[in-house]
Each structure stands twice: as structure tokens, then as C-alpha cells.
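In: show me how the following folds:
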Amino acid sequence: MPSLSFTREFYVCFRREAISLIFQAQFSCNFDPFVSYLAVNYMDRFVSKQDITQERPWLSRLLVVASISLAAKMNNSPFSLSHFQREEEEGFKFDTQTVYKMEVRILDTLSWRMRSITPFSFLYFFVSSFELKDPTLTQALKDRASEIIFDAHNEMEFLEHKPSIIAASALVSASKELCPLHFSSFKASVSACQYLDTESLSKCLNLMQEMVMMEGYESIIETVSSTRTPMSVLDSNLANSESGNTCSTTTSTRDGAAIGVAEKREMKRRKLSVLCSSKSRLQLSQGSKQW
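Out: Sure, this is the predicted structure:
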């Protein structure tokens, strides 16, 4: 979590803009989604130890750019600062030396502990407790849980939960979608783990299921919006005209909501499509697991 000297309003805005910039770098540089995940992780950890002056917005942006650069190096992914900054139409521009100095500052602040303990480190442990005999289902659970973890990383509410709690909650949430008949037994199996705080697990799981439910609702809105072809719109308008235009207000409201939702979800949809097409699953930590 950010240091206490931060106002919540400032950090919410800062983090939202930072994540948007990190996603922009992911797509312009064709990064693996794990690079974006690491960049956000470094940024959050740095802010929890160091203040970012609100009166110096360029410093906030420099932190984000340096976090992206470090994450790319940790994942052995090429990152061209000049190419990335050319892709941006506006914003602060930094030279290589300035970014390098900020990288060193981040490294010092994080005590050079760059192999972060992440929820991905715990997926295999928890999924093994399910005792599944179908390897296809096992992989599907891990893939869906990974998607949920990526989404949760963008929400501030999950910052207070440990990586192990997030991993367990993601797998249980995934099981509710993919094998609902076994949801109760999977949840009981994870809850029985002696290393997990049951209260924290319950809170995180509830948050995660609310997030997944909201995503499902937004997907339905997008689907409805995408089916409105020119002919269907014409037919609808004719029907509305014949019935005294009683449905025109509802249709306009729905379309407006759908457009807003589609814009908000565009970055997330592209990010998840990259994840699903990736054949590799990188374990981001080789250190001991911190519960």
C-alpha cells in the first residue's frame, strides 16, 4: 500500500494513469503480460516506501517509465525507450541517462529484490490440492486463475492481500466458473490450508467474485451492442415509430452505456488476448514463498 503521506485521491488517479501508460507500453512494444504485471508491482512497492511529490508530475511519470524498463529487463524482453516515447503523442520525455538513474533509485529502494513474490508462484501449490485427474481441466483452471489475477492487479482493493491469498481466491473463483459442481469442495480444500488466514481469504474471495461478476455483466452489454447492425437498428427504429417511440429512450440509454463500457474494457480485452495466445507461463519468483 502507498505511504500514509499520500492522499487516497491522488494515489487513485496516479495509479490509474500509471497502469494505462504501462498497458500502452505493453501493446506498443509487444510485451508479455507478465512484464506489465511486474512493472505495476515495482511501482506499488516503490510508492509504499518512497513519496512521490504531487507537485512534480514528471517524477511520477519517470517512475512508471523506469518500472517498465526494469520489468522488461527482468523478463529479458527488448524495450526501446525512444520507440515507446515516439508512440506517445503527448507527455514528458526522458533521455536514457535520466531513466537509468531512476532505475537505480528503484533498485536501491527495493533492496534489489526484483524477483517479486507474486500470486503466480502459488498457483501450482493450490491447484495440486484439488486432486484433479484431468490435466486439461487443471490447465484451464490455472489459465483462468491467471486472467483473474491480472485483472485483480489493476484494482487497489487487492493491494492489502498477500499473494498467496490472491492466488487461492483466483483459483476458487475460476473453479466456480469452470466446474461449479466441485466449487464447494475446492473452496474447502483451499480454506483448510494452515498458512492462509481464513478471514482474509473470505474477504478477498468476495471481492474477486464481485469483480468477475461485473466483468460478465459488462461482456453481456458489449455483446448486445455488437449485435446492433444497421439493419437491426433500422428495424428497431421502425418498430419504435409504430409503437409511438416508447422504446427510444431505453435504446439510446443502453447504447450509450454499451459504448462507455466498451471503451473502458478495450485495454483489458486486448491484454487478455495476449495472455491467452502466449504459450509460456513464466514463474516470476524463484525465491522462498512468503505467506
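In: please identify the buried residues of stretch 98-111?
Out: If you call a residue buried by 16 or more other C-beta atoms under 10 Å, then stretch 98-111 has these buried ones: T98, V99, M102, E103, I106, L107, L110. No exception for glycine: its C-beta is placed from N, CA and C like everyone else's.
In: in JSON lines, list these along with distance to P57.
Out: Formatted as JSON lines, the buried residues of stretch 98-111 follow (distance: C-beta to C-beta, whole Å):
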{"residue": "T98", "distance to P57": "15"}
{"residue": "V99", "distance to P57": "16"}
{"residue": "M102", "distance to P57": "14"}
{"residue": "E103", "distance to P57": "19"}
{"residue": "I106", "distance to P57": "18"}
{"residue": "L107", "distance to P57": "23"}
{"residue": "L110", "distance to P57": "23"}
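In: now, those that are in helices?
Out: For the buried residues of stretch 98-111, membership in helices holds for T98, V99, M102, E103, I106, L107, with DSSP state H as the criterion.
In: which of the buried residues of stretch 98-111 lies closest to E17?
Out: The closest of those to E17 turns out to be M102 (C-beta to C-beta; 17.0 Å).
In: mind listing what the closest one touches?
Out: Under the criterion of C-beta atoms under 8 Å, 6 or more residues apart in numbering, the neighbours of M102 are L62, L63, V65, A66.
In: please redo it, this time with the cut-off set to 6 Å
Out: M102 is in contact with L62, A66, counting by C-beta atoms under 6 Å, 6 or more residues apart in numbering.
In: helix or strand for N154, which one?
Out: When secondary structure is defined using DSSP states H and E, no element contains N154, which sits outside every helix and strand.
In: from Y195, how far out is the nearest residue to it once chain neighbours are set aside?
Out: By the measure of C-beta to C-beta, 6 or more residues apart in numbering, the closest residue to N154 outside its immediate chain neighbours is I19, 5.6 Å from it. Between I19 and Y195 the computed distance is 30 Å (C-beta to C-beta, to the nearest Å).
In: please identify which of those two sits among more neighbours.
Out: Neighbour tally, I19 and Y195, criterion other C-beta atoms under 10 Å: the higher count belongs to I19, 19 against 12.
In: could you check how far the more buried one is from T138?
Out: Distance, I19 to T138, using C-beta to C-beta: 30 Å.
In: how is this structure divided into domains?
Out: For the chain, whose domains are defined here by automatic domain parsing, the residue ranges read 8-109, 119-277.
In: least reliable of the ones you listed going by mean pLDDT?
Out: With a mean of 74, domain 119-277 has the lowest mean pLDDT of the domains of the chain.
In: wouldn't L132 be in contact with A140 here?
Out: No: in this structure, L132 sits apart from A140 without contact. The criterion is C-beta atoms under 6 Å, and the distance is 10.0 Å.
In: state the distance from L178 to V127.
Out: When distances are taken as C-beta to C-beta, L178 and V127 turn out to be 12 Å apart.
In: with R56 instead?
Out: In this structure, R56 and V127 are separated by 44 Å, where distance is defined by C-beta to C-beta.
In: more crowded one of those two?
Out: The neighbour count for R56 versus V127, taken as other C-beta under 10 Å, is higher for V127 (22 against 10).
In: residues contacting the more buried one?
Out: V127 neighbours (C-beta under 6 Å, 6+ apart): L141, K142.
In: if I look at it, how far off is D51?
Out: When V127 is compared with D51 (using C-beta to C-beta), they lie 39 Å apart.
In: what of S116?
Out: Relative to D51, S116 is positioned 21 Å away (criterion: C-beta to C-beta).
In: neighbours of S200, how many?
Out: Neighbour count of S200, defined by other C-beta under 10 Å: 17.
In: I should have written E131 there, sorry.
Out: A count of nearby residues for E131, using other C-beta under 10 Å, gives 9.
In: helices of this structure, residue ranges please.
Out: Listed in chain order, the helices found in the chain under DSSP H are 8-29, 33-47, 57-74, 81-87, 96-109, 123-128, 135-152, 163-178, 183-191, 198-226, 230-242, 248-277.
In: just the angle between the fifth one and helix 33-47, please?
Out: Angle of helix 96-109 versus helix 33-47, following axes from the mean of the first three to the mean of the last three C-alpha atoms, to 10 degrees, is 70 degrees.
In: helix 96-109 to helix 57-74, inter-axis angle?
Out: Here the directions of helix 96-109 and helix 57-74 differ by 80 degrees (the same axes, to 10 degrees).
In: and the first one, by the same measure?
Out: Here helix 8-29 points in a direction 50 degrees away from that of helix 57-74 (the same axes, to 10 degrees).
In: identify the residue nearest N41 in space, chain neighbours excluded?
Out: Counting by C-beta to C-beta, 6+ apart, the nearest residue to N41 once its immediate chain neighbours are dropped is S116, at 4.9 Å.
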